[in-house]
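> my questions are about this predicted structure, shown below with the sequence.
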Amino acid sequence: MEGNQIKQRENWGSRIGFLMAAAGSAVGLGNIWRFPYTAGENGGGAFVIIYTIFALIIGISIMLAEFTVGRRTSLSAVGAYKSYSKKWTFAGALGVLSAFFIMGFYPVVGGWSLAYVFKSFSGLLANPEAIGTTFEAFMSNPIQPIIWMIIYLALNVIIVAKGISGGIEKAGKVLMPTLFVLLIFISIRSISLPGASAGLEFLFKPDWSKVNGATILAALGQAFFSLSLGMGCMITYGSYLSKSENLPSNATIVTILDTCIAILAGIAIFPGVFAFGLEPTAGPGLVFVVVPSVFAELGGAGVLFSVVFFIAFTVAALTSSVSLLEVVTSYLIDQKNVPRKTGVTSASIIMIATSILSSLSLGVMSGFKIFGAGIFDFLDILTDKIFLAIGGMFIAIFTGWVIKKEDLKEETTNGGKLKFSLFEAWYFLLKYVIPILIFFVALMGIFAIEQTSLMIFGVLLIVVLAIFSKKL
């Protein structure tokens, strides 16, 4: 390993603190916002099965690889790759760029959720027929969503500025248990509704006729987006781990927690959707239009359930977005030697500007297109369909082909102190199976989705990044 730096670095205060923070990074909009509507658009149960397989096989493998690389180098994404080979700097840069691009639209949706906590109190459910119109008017408003986005991003800045154990870890210990309790509360009410069984059947009974290349790509993209893989988050979080932590166990626990939350979100949403005869394929508006419509049908109790749901939604978004902000902040700390608070401030200022453009692209700037997509959709598609999957492929290739096998075994077994009986299977998956699988799934997706020109642009952008990344 070349140029590995040994320096004072922050650490997690406890294992439970790390697990809550890492699970919080994984659990976010991908689970509460994206998973239900993506499942709805891709046949329900069939998508859930494919997604779960990807999460448990590819997800755990990639997450363990990221934890391993992060802890072994004690550096965030760019530095971790660069410490082994400067030729691989671009892969770390892609992770930072992915986190940065996601934070160009993520705070917008986080702001919507925060706003809907208060809208639930102020008459949102009073007129069920107008809920869809209310969301469209709010989303396209040039001022309101931006104000809520800034408030939401400010919460991220406050947490990340306080550091690892003092900020991110403390927030995770409170926010993650809160999220579990709130989702369980809503799920119990949802499945108790008359006709709720149709929603559970949709979620768990597969319709394989709906499966095509786009479905498989959506499931892979969902697994990476939901687990915060391929974007430098888990490398960065892994870099703060002590040498005594059980990496295989931690990767498995975080992945299972994340998958359970995603399915729990589906249980919270679909039974109510079907109970009231609403549309499960409502797309991104499912959470902000269909779900409030369900709560409106519950009478006086609906306001309480709506408030609880959007608090849970905001909590899930916040636990994930702080890890994305930390990826960019950690890069600035490690590679540019800036103080934490300076790094957080610098990154957030640019993210505010990008998020404003994303928000406006859903309203007054809706006519402005990049490769046929508005700025919000452009950043979403670029990361979800291209950057994250390719970033996952790179970490698999890097771990399987660049790092020595004996070094991987030493790191994942804590120098032989732990037993990792599946090491050979994990190493084989990383070296041969996962890179090829991701490549073919991505190839299927290029021909299956409409934004082919955007896919090509994304790949070309990665090539350009590889050429100029040595300056980072």
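Arrived safely, thanks for sending.
> run through the stretch 351-472 of the chain and note the low-pLDDT ranges.
Across the stretch 351-472 of the chain, residues meeting the criterion (pLDDT under 70) sit at 442, 444-451, 470-472.
> how about the helices in it?
Counting by DSSP state H, counting those that start in this stretch, the stretch 351-472 of the chain forms helices over residues 375-381, 388-397, 405-412, 423-428, 434-448, 452-468, given from the N-terminal end onward.
> and for the last one, what's in contact with it?
By CB atoms under 8 Å, 6 or more residues apart in numbering, the residues outside helix 452-468 that reach it are 90, 93-94, 97, 370-373, 378, 381-382, 385-387, 390, 445-446, 449. For the C-beta atoms, the positions are set from N, CA and C on the backbone; glycine is no exception.
> got a list of what the closest residue to residue 85 other than its chain neighbours touches?
In space, and not counting its chain neighbours, residue 85 is closest to residue 402: 6.2 Å by CB to CB, 6 or more residues apart in numbering. Contacts were defined as CB under 8 Å, 6+ apart; by that measure residue 402 touches 84, 85, 88.
> and residue 402, how close does it get to residue 86?
In this view, residue 402 and residue 86 are 12 Å apart by CB to CB, to the nearest Å.
> after the helix or strand of the chain with the lowest mean pLDDT comes which helix or strand?
The helix or strand of the chain with the poorest confidence is helix 29; it has a mean of 70 (mean pLDDT, DSSP states H and E). Scanning forward in sequence from helix 29 by DSSP states H and E, the next helix or strand is helix 35-41.
> that next one packs against which elements?
Contact partners of helix 35-41 among helices and strands, from 3 or more CB pairs under 8 Å, 6 or more residues apart in numbering; DSSP states H and E: helix 45-53, helix 213-227, helix 247-275.
> can you tell me which of the ones you listed the model trusts least?
Mean pLDDT values for the helices and strands packed on helix 35-41 show the minimum at helix 213-227, a mean of 78.
> report the inter-axis angle for that helix versus helix 247-275.
Taking axes from the mean of the first three to the mean of the last three CA atoms, to 10 degrees, helix 213-227 and helix 247-275 form an angle of 120 degrees between their directions.
> identify each buried residue in the helix or strand that helix 213-227 is followed by, please.
Following helix 213-227 in sequence order, the next helix or strand is helix 233-238 (DSSP H and E). Of all the residues in helix 233-238, those buried under the rule 16 or more other CB atoms under 10 Å are 233, 234, 235, 236, 237, 238.
> report the distance from helix 233-238 to the chain centre.
A distance of 13 Å separates the centroid of the chain from that of helix 233-238, by CA atoms, centre = their mean, to the nearest Å.
> so which elements touch that helix?
Under the contact criterion of 3+ CB pairs under 8 Å, 6+ apart, helix 233-238 touches helix 15-26, helix 60-73, helix 77-84, helix 89-102, helix 301-336.
> could you give the mean pLDDT of it?
What helix 233-238 shows for mean pLDDT is 90.
> ditto for stretch 140-150
Averaging pLDDT residue by residue across stretch 140-150 gives 95.
> what about that stretch, distance to the chain center?
Between the mean C-alpha location of stretch 140-150 and the chain-wide mean there is a distance of 22 Å, by CA atoms, centre = their mean.
> ok, now stretch 329-337?
A distance of 22 Å separates the C-alpha centroid of stretch 329-337 from that of its chain, computed with CA atoms, centre = their mean.
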